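# When you get a sec, could you give me coordinates for this:
(one chain, ligands or ions: 2)
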Amino acid sequence: MNKLGFMEPNFFKVTHSYPSSIISCIHNAPPHGAAEVSRITSLVNESTTSTRVLKDVHLLLDGFLDLAEDNTSKDLETCGVLGAFLKEGTYYVTTLIIPKQDSTSSTCQAFNEEEIFAIQNEQSLFPVGWIHTHPSQSCFMSSVDLHTQYSYQVMVPEAVAIVMAPTDTSRSYGYFRLSDPDGMKIVRECQETGFHTHSEPLNGASIYEDCSNIYLNPNLRLEIFDLRH
Ligand SMILES: [Zn+2]
Ligand SMILES: [Zn+2]
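Ligands and ions are numbered 1, 2, ... in the order given. Below is the predicted model of the structure:
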């Protein structure tokens with residue numbers, strides 16, 4: 001274990017798959033003789049428009065829906081920020097920060113963001129994405145979500161937007177990113193705020209897509225900073 005409480009990833013065998021009806025967990029051949037981890041593979045769209053090779057992101061997010069439960073029961077969103085360290089070309093998510101926030105049924109706005117940066121800086125963590133709930137909406141990326149995701153993805157190309165939609169019976173969660181370069185370009189050039197529509201890329205690509213570089217690693221331990229209270 002290092003100082004972050006992270007266990008070497010080649011220690012245990014995978015004993016369970018993350019529950020989901022839409023996302024399948026396949027057991028890949030271990031990349032470096034490591035124990036198996038579960039790769040998220042979307043059944044919806046395996047193709048990617050990305051032109052660059054993305055680093056893998058390992059994570060295990062237990063407990064976020066529990067932390068969100070109070071809000072969810074009131075039809076309010078909850079958001080959190082993922083912190084990861086980079087080791088031998090792979091990001092390992094070890095930290096979940098729940099910032100102070102204002103939310104509605106379709107928005108969640110973090111404030112006192114300097115508190116997030118302080119934790120990330122102190123622990124030398126990369127802002128490798130964010131997670132939020134859609135308490136009553138389906139599992140998708142709103143236009144506001146796409147702009148939020150842009151601000152992460154422009155810093156870290158591997159940044160992931162995790163949407164948890166407990167009332168969406170067809171898909172309860174998703175791991176999304178803007179397509180690169182098409183989706184990134186559309187959002188970068190968009191000056192609108194609030195909810196609005198974006199034109200789709202002319203080449204038939206989607207503005208956002210399912211991530212193909214996310215692995216569920218049961219050896220990870222998540223440290224949670226809940227700054228709301
Ligand atoms: Zn959203
Ligand atoms: Zn826009």
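# Beyond the helix or strand that contains T94, next helix or strand please.
Per DSSP states H and E, T94 falls inside strand 90-98. The C-terminal neighbour of strand 90-98 among helices and strands, as given by DSSP H and E, is strand 101-103.
# Let me know the average pLDDT across that following strand.
For strand 101-103, the mean per-residue pLDDT is 96.
# Is it positioned near ligand 1?
No. On the criterion CB under 5 Å from the ion, strand 101-103 is out of touch with ligand 1, staying 10.4 Å away. Any C-beta I mention is one placed from the backbone N, CA and C, and that applies to glycine too.
# tell me what that strand is packed against?
strand 108-110 (3 or more CB pairs under 8 Å, 6 or more residues apart in numbering; DSSP states H and E).
# Note down every partner strand of the strand it packs on and its orientation.
If you go by DSSP bridges, strand 108-110 pairs up with strand 101-103 (antiparallel).
# Name the residues that touch the partner strand?
Here strand 101-103 makes contact (CB atoms under 8 Å, 6 or more residues apart in numbering) with N71, L76, E77, T78, C79, C108, Q109, A110, F111, R228.
# In this protein, what residue lies closest to ligand 1?
D145 (4.0 Å; CB to the ion).
# In space, what's closest to that residue - neighbours in sequence excluded?
Excluding the flanking residues, the one nearest D145 by CB to CB, 6 or more residues apart in numbering is A161, at 6.3 Å.
# The one you found against Y152, yeah?
Yes. Using CB atoms under 8 Å, A161 is in contact with Y152, at 7.4 Å.
# where do the contact lists of the two overlap?
G129, W130.
# more neighbours, these two?
Shown here are A161 and Y152; by other CB atoms under 10 Å, A161 has more neighbours (24 against 21).
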